[in-house]
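Colleague: pasting the sequence and the predicted model now:
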Amino acid sequence: MKYRRFSHKNIRVSVIGLGTWQFGGEWGQDYTQGGVDSIVESCRDTGINLIDTAECYGDGVSECLVGKAIARDRGKWFLATKFGHRYNGFFQRDQLWSADDVRKQLERSLKNLQTDYIDLYQFHSGDDEAFDNDELWAMLSRQVEAGKIRQIGVSLTSRAEVRDFQAARVAGVGAEAVQVVYSRMDVGAEEIVFPACLKDNLAVLARVPLASGFLTGKYAPGVTFPEGDYRGSLGREKLDAMAEEAVRIKETEVPPGTPMAAWALAWCLKNEAVTCVIPGARNADQLRANAAAAEMAEDSHHLAIQVD
């Protein structure tokens, strides 16, 4: 495994992380504690130490599963979660952005995760009105001072947020990391977000680096997804367009004999702005396949450290 420094702090995180939206049950599969324990054990075996979750992934379900899986060696993990939403049914969220609401969410996340601190607490894809709340950021600053939060981050969602990104605005609320969609099929972050993060030394978590699974090479035009898998809500036209683009990339860019998923993760890591990619994994085998991308990425990042 390779590791990179996270923001300006002397903290090392694995370049491959684990995203855990799927543990909440919105990807067409329900998870048991044993299934999550198996995936997390593979993280230990491969050197992955960063796990990203959220309070709204199954109304705390993902956090609870993760918290129990890492309880015995919590101090070895870089644990990231998010705030601002509450699960209200399949792919439905209530918006809770007041300082008091977020403080309650923090306490619930700490309980779910069986920990007394969160390494990265992230503003979860809120709008400008939610962001421009001095009381919220003052409250979070107090939680940092109290040791309940180690670092604050901001998760971007819309293309408008990416297009209008201002690193100074993010740093101005005390945030040290940005989470953004980035993959070979979605490179919008490269134009403004990445240069700004490099300039201001903000860590970058690249989410959906496998384009919701399409960059695994498993899906062709006409693909359907089972009930309970959020991808089914994307619509036929978008699903086919994504599948067609993935087929083109596989045929024209991925070297013969190279696993497409590992190639896609390594492709993201070649950008010097990216600190860590956070693909999901349905099982331990997928986790190990993702971890292999660390070896595939070029060892040219000035923050990369090879560990035996």
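Modeller: Received it, and whenever you're ready, just let me know what you need.
Colleague: CA atoms for contacts and neighbours, from now on please.
Modeller: Fine.
Colleague: buried stuff in the lengthiest helix in the chain?
Modeller: When the chain is parsed with DSSP state H, its longest helix is helix 236-252. If you call a residue buried by 16 or more other Cα atoms under 10 Å, then helix 236-252 has these buried ones: 239, 240, 242, 243, 244, 245, 246, 247, 249, 250.
Colleague: turn the residues you listed into TSV, including distance to residue 4 and pLDDT.
Modeller: Shown next, in TSV, are the buried residues of helix 236-252 (distance: Cα to Cα, whole Å; pLDDT from 0 to 100):
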residue	distance to residue 4	pLDDT
239	34	88
240	36	90
242	31	91
243	32	92
244	34	93
245	31	94
246	28	94
247	31	94
249	28	95
250	28	94
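Colleague: relative to residue 55, which of those is nearest.
Modeller: Residue 55 lies nearest to residue 239 out of those, by Cα to Cα, at 27.6 Å.
Colleague: for the stretch 101-250 of the chain, give me the ranges with low pLDDT.
Modeller: Applying pLDDT under 70 to the stretch 101-250 of the chain flags residues 158-164.
Colleague: let me see the ranges of the helices in it.
Modeller: 128-131, 134-146, 159-163, 167-172, 193-200, 236-252 (DSSP state H, counting those that start in this stretch).
Colleague: out of the ones you listed, which comes closest to residue 215?
Modeller: For residue 215, the closest of those is helix 236-252, at 5.8 Å, according to Cα to Cα.
Colleague: touching that closest one from outside, list them.
Modeller: For helix 236-252, contacts defined as Cα atoms under 8 Å, 6 or more residues apart in numbering pick out 185, 214, 215, 217, 219, 220, 221, 222, 223, 260.
Colleague: measure residue 277 to residue 123 for me?
Modeller: 18 Å (Cα to Cα, to the nearest Å).
Colleague: who has more neighbours, these two?
Modeller: residue 277 (30 against 23; other Cα atoms under 10 Å).
Colleague: which residues touch the more buried one?
Modeller: 15, 16, 17, 205, 206, 207, 209, 265, 268, 269.
Colleague: from those residues, which ones fall inside strands?
Modeller: 205, 206, 207 (DSSP state E).
Colleague: who does the strand or helix carrying residue 82 pair up with?
Modeller: Here residue 82 sits within strand 78-83, counting by DSSP states H and E. Applying DSSP bridges to the sheet, strand 78-83 is found paired with strand 50-52 (parallel), strand 118-124 (parallel).
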